[in-house]
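Undergrad: coordinates only, no sequence provided:
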């Protein structure tokens, strides 16, 4: 049986802000899978800001190589196994994998490929949202790295995004006071009205970001969940409480910047006896089940809600990614291939 | 009984590199101590690079305010209680205190003032060296923050200084491979010949410091004890092993710099799942006794030795501090007042 695949390709390396024109689209006939392989029919593609960095030339690191020009764009996908010659990935199972923006992914299990169990009473796409990369990143970053205690002040940047929206709500469940930073007055309103943030800072409207954080966190920041880096990280560094924990999750500010402005205020970690630690949710595969059970319980009980921007059609993936990167869309951004 | 005190004062704020001319000297008659006070006759003054930062305008933080012009220069001192109206500090006891470059310190116990027990078989001044701020900083920073395991690669900068010399030797005792960075070929030779370092890097002779670290640490750095910050920190950040721990001890590079170059490579903490934590030895007062017993045992057994640059005479304190800051002197720098 021949299968026609559609892939989004990296047509050119984005110069600064990513745009839909940076991406191409191609179709190809797929050969039958080989021994040890399995094939996913992808239902949803996850859009993740972190992948932007690997679109830059020479960006490869120990997590992933730089993406190649005219090759498929790397991504997290959620698909059903429709063919398998790999005993660990039986037909009909659901897999969340590091693959590409494509309809079908042919894999051999050597890269990140986790079998996931859909929850009957929750939408399938939540496996890419609250129960997926964004939710799991928030969960492990906040609880394992940030170690919040009741009464702590928690600062989150990119607070209306797929990760930040979850961090803020989880921190409230842990009894913390939450401050969110985001890029518009409208998103600030959503932070406090929909996501339970106690305070919101519009970084684009703040002449002095460190002063704005100081005003919102008069006794300092105990846990700083940093998705952004750059000036946003520096502003938080100037407002740490003693013993603060900084969760280094992403450096969105750097992905689209030609120059690296550097972090000016790292010395604050010394005088405040504070720490900064980097992590990736994929470090915690053995704990996925417990995390997903916890988050599913919160979703069912209405303790948290999962804001999602859903785009339909693989051909719209590049635009959806650009909208996410420039802050037009909020919450977890997903492309549905159920068209 | 009237006592004449001599103090070193901050005559002007150092512009960049500190020099002896930045300091003045004054004498004053001391009044009898008041209720709740005690007076030390200081035998030794500790010279600590960290105090350089508080000589700059506007440098105050939660650890210490910026030093005032024409006031005494803050320091760690070791003195004997020669008068006391404070029950916790009896006559004849020895106190290591945060006080000033001065012959006599009149204190009330509200600032850092720890009673210390001299070891009969070790020189008194070791209470400011291997058994004092340098040794304790090395001990708590390496073991509590760095958490070295046998076989780890440990990178230390300012490696010939009072802290670095101790860190390197303690890391060897923990079964680690040690790499020291310092500022001259002569000091590199001392690192390997006297302080047991497995490799030494002369940062002033390295055209690319990150490459030099990579050559010395082919499988990456597990523990990075950073006394310097700036370019030295950035070079280490590019060579972290997975799960590396960075011990943030000092930022000597910034103390005398007019511009803050910023840290470019902090994002490495994310891809390497690494951490950076700041600390000060004064956070560990309850553990001083055990640490000092451990270090004393190592000194007696010849497992470590304690390089000291001893200067005699309070009037030479400013020059001795400048020599330490510009790298002329090595090991722990102390001023003896037994003249």
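TA: Alright, I've got the coordinates. A quick note: this is a predicted structure, and the numbers were derived from the prediction, not measured. Numbering: from 1, shown residues only, chains lettered A, B, ... in the order given.
Undergrad: quick check: residues of chain A near chain B?
TA: A:61-63, A:229, A:233, A:242, A:248-251, A:254, A:260-264, A:266-280, A:283 (CB under 8 Å from any CB of the partner chain). Using the backbone N, CA and C atoms, a C-beta is placed for each residue, glycine as well.
Undergrad: where do the strands sit along the stretch 201-339 of chain A?
TA: Using DSSP state E, counting those that start in this stretch, the strands assigned to the stretch 201-339 of chain A run over residues A:221-226, A:240-248, A:275-278, A:308-312, A:332-336.
Undergrad: out of those strands, deepest packed?
TA: For these, the largest average neighbour count (mean count of other CB atoms under 10 Å in any protein chain shown) is found in strand A:221-226, namely a mean of 29.
Undergrad: which strands or helices does it pack on?
TA: Judged by 3 or more CB pairs under 8 Å, 6 or more residues apart in numbering or on different chains; DSSP states H and E, strand A:221-226 is in contact with strand A:153-156, helix A:162-173, helix A:230-237, strand A:240-248.
Undergrad: could I get the average pLDDT for the second one?
TA: The one in question is helix A:162-173. Mean pLDDT, helix A:162-173: 97.
Undergrad: the helix or strand following it: partners in the sheet, and parallel or antiparallel?
TA: Sequence order places strand A:177-182 as the next helix or strand after helix A:162-173, per DSSP states H and E. Strand A:177-182 sits in its sheet next to strand A:153-156 (parallel), strand A:199-202 (parallel), going by DSSP bridges.
Undergrad: in the stretch 151-300 of chain A, what residue lies closest to chain B?
TA: Closest residue of the stretch 151-300 of chain A to chain B, CB to the nearest CB: residue A:262 (2.0 Å).
Undergrad: mind giving me the domain ranges of chain A?
TA: A:3-129+A:306-336, A:133-281 (automatic domain parsing).
Undergrad: can I get those in a markdown table including distance to residue B:181?
TA: Listed next are the domains of chain A as a markdown table, based on distance: least, CB to CB, whole Å:
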| stretch | distance to residue B:181 |
| --- | --- |
| domain A:3-129+A:306-336 | 24 |
| domain A:133-281 | 18 |
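Undergrad: which one, of these, ends up nearest to residue B:13?
TA: domain A:133-281 (18.6 Å; CB to CB).
Undergrad: off-centre distance for that closest one?
TA: The chain centre lies 14 Å from the centre of domain A:133-281; the measure is CA atoms, centre = their mean, to the nearest Å.
Undergrad: stretch A:31-50 too?
TA: Worked out by CA atoms, centre = their mean, stretch A:31-50 lies 19 Å from the chain centre.
Undergrad: and residue A:1, what pLDDT?
TA: 56.
Undergrad: which of the domains of chain A is buried the deepest?
TA: Most buried among the domains of chain A, given mean count of other CB under 10 Å as the contact rule, is domain A:133-281, at a mean of 22.
Undergrad: closest one to residue A:171 among the strands of the stretch 201-339 of chain A?
TA: Using CB to CB, the strands of the stretch 201-339 of chain A put strand A:221-226 closest to residue A:171, at 7.2 Å.
Undergrad: partner strands of that closest one, with direction?
TA: strand A:153-156 (parallel), strand A:240-248 (parallel).
Undergrad: need these in CSV with mean pLDDT, can you?
TA: Below are these laid out as CSV (pLDDT from 0 to 100):
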stretch, mean pLDDT
strand A:153-156, 98
strand A:240-248, 98
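Undergrad: so which of those strands gets nearest residue A:50?
TA: Closest of the strands paired with strand A:221-226 to residue A:50 is strand A:240-248, at 11.8 Å (criterion: CB to CB).
Undergrad: ok, and what's touching that closest one?
TA: A:141-142, A:145-147, A:153, A:219-226, A:233, A:236-237, A:268-269, A:272-279, B:62, B:266-267, B:269-270 (CB atoms under 8 Å, 6 or more residues apart in numbering or on different chains).
Undergrad: report the contact partners of the closest residue to residue A:112 other than its chain neighbours.
TA: Distance criterion CB to CB, 6 or more residues apart in numbering or on different chains; nearest residue to residue A:112, sequence neighbours excluded, is residue A:98 at 4.1 Å. Going by CB under 8 Å, 6+ apart, residue A:98 touches A:64, A:74-76, A:111-113, A:282.
Undergrad: now, which of the residues you listed sits nearest residue B:84?
TA: Nearest to residue B:84 among the contacts of residue A:98, with distances taken as CB to CB, is residue A:282, at 60.6 Å.
Undergrad: let me see the contact set for that closest one.
TA: Residue A:282 is in contact with A:98, A:112, counting by CB under 8 Å, 6+ apart.
Undergrad: before we move on, back to that, what's the closest non-adjacent residue to the residue of the stretch 151-300 of chain A closest to chain B?
TA: Leaving aside its sequence neighbours, residue A:262 sits nearest to residue B:262 (CB to CB, 6+ apart; 2.0 Å).
Undergrad: let me see the contact set for the one you found.
TA: A:261-264.
Undergrad: which among these gets closest to residue B:175?
TA: residue A:263 (33.0 Å).
Undergrad: low-confidence ranges in chain A?
TA: Counting by pLDDT under 70, chain A has low-confidence residues at A:1, A:62-63.
Undergrad: ranges for the helices of it?
TA: Secondary structure of chain A (DSSP state H): helices at A:133-139, A:162-173, A:185-194, A:209-216, A:230-237, A:252-255, A:268-271, A:288-300, A:317-325.
Undergrad: angle of the last one against strand A:308-312?
TA: In other words, helix A:317-325. 160 degrees (axes from the mean of the first three to the mean of the last three CA atoms, to 10 degrees).
Undergrad: what's the nearest residue to whichever residue of the stretch 51-200 of chain A sits closest to chain B if we skip its chain neighbours?
TA: Chain B sits closest to residue A:61 of the stretch 51-200 of chain A, with a gap of 4.6 Å, by CB to the nearest CB. Leaving aside its sequence neighbours, residue A:61 sits nearest to residue B:271 (CB to CB, 6+ apart; 4.6 Å).
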